[in-house]
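Student: structure for the following, please:
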Amino acid sequence: MIGVDTNVLLRHILQDDPVQSPAASAFFAGRTSDDPVYVGRVVLVEALWSLRRWHGSDRSALVKMVRLLMSSNEAILEDRVSIHRALRDAEEADADLVDAIIAHAAIDAGAVGAVTFDKRAQRLPGMLPVV
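Tutor: Numbering: from 1, shown residues only. Predicted coordinates for the structure are as follows:
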């Protein structure tokens, strides 16, 4: 198994660089269930933020991308169970997936949740208002 940095994941997804994108895609094509790529939670969150903010990806496209990664035998996602719960909660609450990941990371660490000023995020289980 080998980890991947956000820039490699983004070059593969976006196909926006004539040199780096083919190299990133070749790297991903070379992964197998015996030699998968490890996608850490920080990498996943950074990629989601970048895709949303800089490339205009909507929530449904981001959810689809994460589900595709999760269904691959060639990729291992950090905290897969937590990410799965975050996907479900984000869809049910019509909230941002990154906020759901933050809430579940806090809960999985033993916290009652995470506080936020974001009203939309407060729809999520574990996202609490600052009081």
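
Student: the helices in the protein, which residues?
Tutor: Along the chain, the segments classed as helices by DSSP state H run 6-14, 20-29, 41-53, 59-71, 80-93, 97-108.

Student: run a quick neighbour tally on the nearest residue in space to D99 that is not next to it in sequence.
Tutor: Nearest residue to D99, sequence neighbours excluded (CB to CB, 6 or more residues apart in numbering): A121, at 3.9 Å. For the C-beta atoms, the positions are set from N, CA and C on the backbone; glycine is no exception. A121: 23 surrounding residues under other CB atoms under 10 Å.

Student: per-residue confidence for A121?
Tutor: For A121, the model assigns a pLDDT of 96.

Student: now for it: which residues touch it?
Tutor: Taking CB atoms under 8 Å, 6 or more residues apart in numbering, we find A121 in contact with 95-96, 99, 103, 127.

Student: least confident of the helices of the chain, on average?
Tutor: helix 59-71 (a mean of 91).
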